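Undergrad: below are the sequence and a predicted model for it; my questions follow.
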Amino acid sequence: MINILLSGNKKVFDGALTELISITNKTKEPINCYIFTMDLTRVKPEFVPIEDKQIEFLNEVVKTKNPENQVQKVDVTKIYEKEFGKCKNENAYCTPYTLLRLLADLVPNMPDKLLYLDIDMMANKDIGELYNTDITDYEYAAVQEKYGHYFIRWDYINAGMLLFNMKKMKETGLLEKARKKIKTKKMLFADQDAIFWSTTKKLILPRIYNEQHRFNDPNTVICHFCKRLLVTPYPRVKNYKQWHIENVHKDLKCFAYDDDLNEYLKWKEKFEKQMEVKI
């Protein structure tokens, strides 16, 4: 069983659907996916938890690939409010939902090994080869950040993919230390910085496990549709996600995930029709 952790609110449904389709289409082992979510409407009205009907539909989709696959909703609102409510980094560069991975050691019955993935990722190959990496002596495994390893430090990591050794992290107190930083110090890349600067020992993996730039590389295992900094013809940022299919084709010139994305469109249409019937 491959244990996966995603996080977000109602709006991550398209990301979760595309990502899980790509994973379950290519991965032999069954997957058990936890989705951490919370109600944070006190910050923004749209910060509502992922809905039960969305979770039910995700379960329907993944079980068509393997009946052992499952998706579980984990509401961590109370834990978040206790740990991070109104903290210095609640309005960081991304939404507060990026902080939820830092609560993994406080959620009961989480597995000893856990693959955290951002919602804007797609699997190009079987993720079993990543999940089965031996991290016995490490707190986690990660890939260098495409810009940060030049401008911050050579081993600065991108936190979009983190293979957690929960047992080791509890021993070293990594997440506890990271939470303390989040609560006491304003940081540019809040969750990512907190994890990096709290690390005792990590394993740096090849970029094929979190490819942040080459969208058509056949060697890629996990592709990350993260923000891109472009300098020509003028400096700007592009932030196209995998479900922005037209932009993925036109601007990123990426066609590697078309089978998965075409399937996503069919499932999305089915979901929307179900919602119309219920209304």
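TA: Received, thanks.
Undergrad: which of the helices or strands spans Tyr264?
TA: helix 258-278 (DSSP states H and E).
Undergrad: cool, and Asn158?
TA: Going by DSSP H and E, Asn158 is in strand 157-165.
Undergrad: try Leu20
TA: Judged by DSSP H and E, Leu20 forms part of helix 13-26.
Undergrad: can you point out the buried residues in that helix?
TA: Buried residues in helix 13-26, counted by 16 or more other Cβ atoms under 10 Å: 13-24, 26. Backbone N, C-alpha and C define where each C-beta goes, glycine included.
Undergrad: centre of the chain to it, how far?
TA: 11 Å (Cα atoms, centre = their mean, to the nearest Å).
Undergrad: quick check: next helix or strand after it?
TA: strand 31-37.
Undergrad: packing partners for that following strand?
TA: Packed against strand 31-37 by the contact rule (3 or more Cβ pairs under 8 Å, 6 or more residues apart in numbering; DSSP states H and E) you find strand 2-7, helix 13-26, helix 52-63, strand 70-75.
Undergrad: nearest to Arg42, of those?
TA: The minimum distance between Arg42 and the helices and strands packed on strand 31-37 falls on strand 70-75, with 15.3 Å, by Cβ to Cβ.
Undergrad: check which residues of the closest one are buried.
TA: So, applying 16+ other Cβ under 10 Å, buried residues of strand 70-75: 70-71, 73-74.
Undergrad: likewise for stretch 153-171?
TA: Judged by neighbour count using 16+ other Cβ under 10 Å, the buried positions of stretch 153-171 are 156-166, 168-169.
Undergrad: re earlier: could you give the mean pLDDT of the strand holding Asn158?
TA: Taken as a whole, strand 157-165 carries a mean pLDDT of 96.
Undergrad: could you find the closest non-adjacent residue to Phe255?
TA: His249 (6.5 Å; Cβ to Cβ, 6 or more residues apart in numbering).
Undergrad: circling back: state the mean pLDDT of the helix holding Leu20.
TA: Average pLDDT, helix 13-26: 98.
Undergrad: for the stretch 51-200 of the chain, just list every one of the helices.
TA: 52-63, 77-84, 128-131, 148-151, 166-172, 174-184, 190-198 (DSSP state H, counting those that start in this stretch).
Undergrad: lowest-confidence stretch among these?
TA: Looking at the helices of the stretch 51-200 of the chain, the bottom one is helix 148-151 with a mean of 61.
Undergrad: how about Thr98, nearest residue that isn't a chain neighbour?
TA: Per Cβ to Cβ, 6+ apart, closest to Thr98 is Asp191, 4.8 Å.
Undergrad: please report how far the one you found lies from Glu90.
TA: Asp191 sits 12 Å away from Glu90, taking Cβ to Cβ, to the nearest Å as the criterion.
Undergrad: more crowded one of the two?
TA: Neighbour count, other Cβ atoms under 10 Å: between Asp191 and Glu90, Asp191 has more, with 24 against 17.
Undergrad: looking at it, that one is touching Leu102, isn't it?
TA: Yes. Counting by Cβ atoms under 8 Å, Asp191 does reach Leu102; the two are 6.1 Å apart.
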